[in-house]
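Asks: Prediction below, plus the sequence it came from.
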Amino acid sequence: MNILCFLYAACGAALDFLFPERCALCGSFILPGRRAGRYPLCRVCADGLPSPRTPRCLVCSRPLISEKDLCMDCRRPGQGGANGFSFECNVSVFMYQDPGIMELIISYKGRKRRSLAVFLASRLLAEYRLRWNGLPVVPVPCRAASLKKRGFDQIALLCREMKRRGGVRILPLLKRSGKTREQKTLNRKERVRNLAGSVYPARRSRRYLKNGVPERLVLLDDIFTTGATTSACARVLKELGVKEVYVLTLALD
Ligand SMILES: [Zn+2]
Ligand SMILES: [Zn+2]
């Protein structure tokens, strides 16, 4: 450990001693030596977060029970293949309903504990490196109303951390008009209709693509529910010339 690392760790421990932060999950004060990393989680909570059950559907990431490779929805014929999605597949790092996960995401998005982005991005990065290392990442754009309400773009922040920690190339190619209703109150059909035309290429996308359109890229979102949002984004990316779009999400609901 060099002197700077030592000083940094010593300052961190002193701050934890003087102004202990509360763990985003168990609520207890994080005392010196109990911190899992540079984010508000104690070691017990960070290490105890469940990994999704396997096997999972190769297309939508839902846990499989008796099926092989694909879930019943992604197998259904006449759906335009794989649930009618415009992307190749989704991989979710967590299951939203698993113990602690919903709380963690609500803490990040709802209670605005932005420093949790460091932890969440590290888990996203691990999955990204395993599957799609080197591909550019496109953030799913935030609705203007959510941005106003929350005060920060939770996906853009995760992207920034992925870039900072892992040197991932981020391409903010998409925008979203403010007219759409909040997706979570709608069913799948309504979601698709609600989104039609609301996602479009960002004005500066041409600048990002001036050296050519990537053949394959990763689309990043927080929660995967019906896949309508990510599908709408993937459709626009394919219209721009991208051949394959892989979706990476924090949690599957
Ligand atoms: Zn804890
Ligand atoms: Zn599936």
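Replies: Thanks, I have the structure now. Ligands and ions are numbered 1, 2, ... in the order given.
Asks: need the residues of this structure near ligand 1, please.
Replies: If contacts are counted using C-beta under 5 Å from the ion, the residues of the chain sitting beside ligand 1 are 23, 25-26, 42, 45. The way it works is simple: take the backbone N, C-alpha and C, and place the C-beta from them, glycine included.
Asks: Outline the domain layout of the chain.
Replies: 1-48, 49-252 (automatic domain parsing).
Asks: Tell me which of those domains lies nearest to ligand 2.
Replies: Ligand 2 lies closest, by C-beta to the ion, to one member of those: domain 49-252, at 3.1 Å.
Asks: Quote the end-to-end distance of the closest one.
Replies: Distance between the boundary residues of domain 49-252 (C-alpha to C-alpha, to the nearest Å) amounts to 15 Å.
Asks: Is it positioned near ligand 2?
Replies: Yes. Counting by C-beta under 5 Å from the ion, contacts between domain 49-252 and ligand 2 involve 57, 59-60, 71, 74.
Asks: returning to that earlier point: let me have the domains of the chain in a markdown table, adding mean pLDDT and mean neighbour count as columns.
Replies: As requested, the domains of the chain are exported to a markdown table (pLDDT from 0 to 100; neighbours: other C-beta atoms under 10 Å):
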| stretch | mean pLDDT | mean neighbour count |
| --- | --- | --- |
| domain 1-48 | 78 | 14 |
| domain 49-252 | 88 | 17 |
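Asks: Skipping its backbone neighbours, what lies nearest residue 74 in space?
Replies: With sequence-adjacent residues excluded and distances taken as C-beta to C-beta, 6 or more residues apart in numbering, residue 74 is closest to residue 59, at 4.3 Å.
Asks: Does the one you found touch residue 85 like I think?
Replies: Yes. Residue 59 is within contact range of residue 85, at 7.0 Å (criterion: C-beta atoms under 8 Å).
Asks: Pull up the gap between the residue nearest to residue 74 and residue 228, please.
Replies: Distance of residue 59 to residue 228, computed by C-beta to C-beta, to the nearest Å: 15 Å.
Asks: Likewise for residue 141?
Replies: Taking C-beta to C-beta as the criterion, residue 141 is separated from residue 228 by 14 Å.
Asks: for the helix or strand containing residue 124, packing partners?
Replies: According to DSSP states H and E, residue 124 maps onto helix 116-132. In terms of contact count using 3 or more C-beta pairs under 8 Å, 6 or more residues apart in numbering; DSSP states H and E, helix 116-132 is assigned the packing partners strand 35-37, strand 39-42, strand 89-95, helix 101-109, helix 154-166, strand 216-224, strand 244-252.
Asks: can you tell me the helix or strand for residue 145?
Replies: Of the helices and strands defined by DSSP H and E, residue 145 is found in helix 144-150.
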